[in-house]
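Engineer: only the shape, not the letters, is given here:
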């Protein structure tokens, strides 16, 4: 087999394969429209998925009567519940400061100026999930794990949908 033929006809080592893959203006235009449609389609799918997570989270909270359990069930460990809630609020504040204030208001790149913000928020979020599992385990048993995971995912994705809708 001829090496020049495998590389694209003219022996070049470029990624586009040489002269064989030059696009006309119309082909480029169609490709750009297809990519734009694909981006819009993926955004719609993302929003629909986030809404489904929110509905599932609400259904789980209603079905397992989590609100009344938090209010009245003495088996729930209040220390872990309050500590996990504080960690969630801390993570939310860190993300708010990093993303909203630096990125949107100050027009600065938070990845460069605050490289610690996202890891701190992630660790705080994960520790709060573990804390919620410890707090709810005496009341719900093994069902606590999927309950907390579903509620956490629905909370995070609901916030993502709201910020996306508001263009924050």
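Structural biologist: Okay, I see it. Just so you know, these numbers come straight off a predicted model, no measurement behind them.
Engineer: could you use CA atoms for every contact and neighbour count after this?
Structural biologist: Will do.
Engineer: any idea which helix or strand comes after the longest helix seen in the chain?
Structural biologist: Assignment by DSSP state H gives helix 25-63 as the longest helix of the chain. Downstream of helix 25-63, the next assigned helix or strand under DSSP states H and E is helix 66-72.
Engineer: quick one: list the elements packing against that next one.
Structural biologist: If contacts are counted by 3 or more Cα pairs under 8 Å, 6 or more residues apart in numbering; DSSP states H and E, helix 66-72 sits against no helix or strand.
Engineer: what's next to the helix or strand following that helix, contact-wise?
Structural biologist: Per DSSP H and E, the first helix or strand lying C-terminal to helix 66-72 is helix 78-95. For helix 78-95, the external contacting residues (Cα atoms under 8 Å, 6 or more residues apart in numbering) are 117-118, 120-122, 124-125, 127-129, 131-132, 134-136.
Engineer: report the buried members of the residues you listed.
Structural biologist: 117-118, 121, 124-125, 127-129, 131-132, 134-136 (16 or more other Cα atoms under 10 Å).
Engineer: what's the closest of those to residue 65?
Structural biologist: residue 136 (12.2 Å; Cα to Cα).
Engineer: from residue 67, how far out is the closest one?
Structural biologist: Remark: distance between residue 136 and residue 67 (Cα to Cα, to the nearest Å) = 12 Å.
Engineer: coming back round to it: show the average pLDDT along the longest helix of the chain.
Structural biologist: Averaged across helix 25-63, the pLDDT comes to 80.
Engineer: also stretch 139-159?
Structural biologist: 92.
Engineer: for the closest residue to residue 148 other than its chain neighbours, give me its contacts.
Structural biologist: Nearest non-adjacent residue to residue 148, counting by Cα to Cα, 6 or more residues apart in numbering: residue 133, 6.4 Å away. Residues near residue 133 by Cα under 8 Å, 6+ apart: 144, 145, 148.
Engineer: quick one: residue 133 from residue 80, how far?
Structural biologist: 9 Å.
Engineer: cool, residue 88 as well?
Structural biologist: Distance from residue 88 to residue 80, by Cα to Cα: 12 Å.
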